[in-house]
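Peer 1: Have a look; sequence and predicted model below, questions after that.
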Amino acid sequence: DIDYVGRSDPFNLMDIYYPKGTIERLPAIISIHGGGYVYGDKDVYKLYCGFLAELGFTVVNFNYHLAPRTKFPVQLTEINSVMRWVAANGKDHHIDTDRIFLVGDSAGAQMCSQYAAIFTNPSYEKLFSFDVPHELHVRAIALNCGVYTIESAAGNKLFNTKGLIHDYFGKDLNIYGKMIDMLGAITPDYPPTYIMTSYYDFFKANAEPMYEHLRSKGIECVCKCYGTKEQKYMGHVCHINLNLEEAKQINRDEAEFFKRKI
């Protein structure tokens, strides 16, 4: 329950995990939780973040304000506030600020992918009301079961996301102009990316196009689909269900991808 903005708001609290007995500064993972923009908090992700810490990382797990009461781009501002807190205070909490990684799933993957574009594209950053902490070195990101364009989210046939998009952005997307063109803002400076989906993920169709888009920009990336037709439990955000051995393997694979960037 660390207050990362200093206003005693429960939506702006975070937890930090690291392996028991840690005395040094470790590479850090900042986790952006999912929940369709309208649901979720750090408590839902505490076991997941604890597992990532067991793999040799310091992990930051935080709340942000939820839609529909709070709309875009406030949540991106809050992600940036976490990043600024890490830049200012991370070294006192076993965080190596030169080795930062971001992960997000579902709506959190969309926000993670967009924040990474803001962080690495100065022209795109200028469209937003905050300054990113460039003293941090974001070495790679992982996008789990995400959507990466507003059109693909609103038009999903297997999950009613159109209402969630309106909850997050409002019904008039035109007011944002290029702010919501995340794909167009990606440059060759975008971080190396691990894209994960699963056989029964209702957002599975978004993974390959995102992979191809990143590759077209010359960005190192991996795209992997986990599970088989027989494994109906391998659904959306299955990686946070640590009762599954497959979930543990997904997280180990992403951690190994990160460690290769250290």
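Peer 2: Cool, got the structure.
Peer 1: Just the pLDDT for Ile150.
Peer 2: According to the prediction, Ile150 has pLDDT 74.
Peer 1: which residue packs closest to it, ignoring adjacent ones?
Peer 2: Nearest non-adjacent residue to Ile150, counting by CB to CB, 6 or more residues apart in numbering: Ile180, 5.6 Å away. All C-beta atoms are positioned from the backbone trio N, CA, C, and that covers glycine.
Peer 1: Was I right to think the one you found contacts Leu173?
Peer 2: Yes. With contacts counted by CB atoms under 8 Å, Ile180 reaches Leu173, the gap being 6.3 Å.
Peer 1: neighbour-wise, which of the two wins?
Peer 2: Taking neighbours as other CB atoms under 10 Å, Ile180 and Leu173 compare with Ile180 leading, 20 against 16.
Peer 1: Now Thr222: phi and psi?
Peer 2: Thr isn't right for residue 222; it's Val. Reported as degrees, to the nearest 10, the phi and psi values for Val222 are phi -120, psi 140.
Peer 1: what's near enough to touch it?
Peer 2: Going by CB atoms under 8 Å, 6 or more residues apart in numbering, Val222 touches Thr193, Tyr194, Ile195, Phe257.
Peer 1: Local confidence estimate at it?
Peer 2: 98.
Peer 1: got it, and Leu164?
Peer 2: Leu164 carries a pLDDT value of 85.
Peer 1: Chain neighbours aside, what residue packs nearest to it?
Peer 2: When the adjacent residues along the chain are set aside, Leu164 lies closest to Gly36, with 4.5 Å between them (CB to CB, 6+ apart).
Peer 1: In three-state terms, label the one you found for me.
Peer 2: Secondary structure, DSSP: H, G, I helix; E, B strand; the rest coil: Gly36 is coil.
Peer 1: before we move on, back to that, how much space is there between the residue nearest to Ile150 and Val74?
Peer 2: Computed with CB to CB, to the nearest Å, the distance linking Ile180 and Val74 is 14 Å.
Peer 1: And His33, by the same measure?
Peer 2: Distance, His33 to Val74, by CB to CB: 15 Å.
Peer 1: and these two? which has more neighbours close in?
Peer 2: A count of neighbours by other CB under 10 Å puts His33 above the other of His33 and Val74, at 26 against 16.
Peer 1: And for the residue lying closest to the more buried one once chain neighbours are set aside, the neighbour number?
Peer 2: Leaving aside its sequence neighbours, His33 sits nearest to Gly40 (CB to CB, 6+ apart; 4.7 Å). Residues near Gly40, counting by other CB under 10 Å, number 20.
Peer 1: Return the per-residue confidence for Gly40.
Peer 2: Looking at Gly40, its pLDDT stands at 96.
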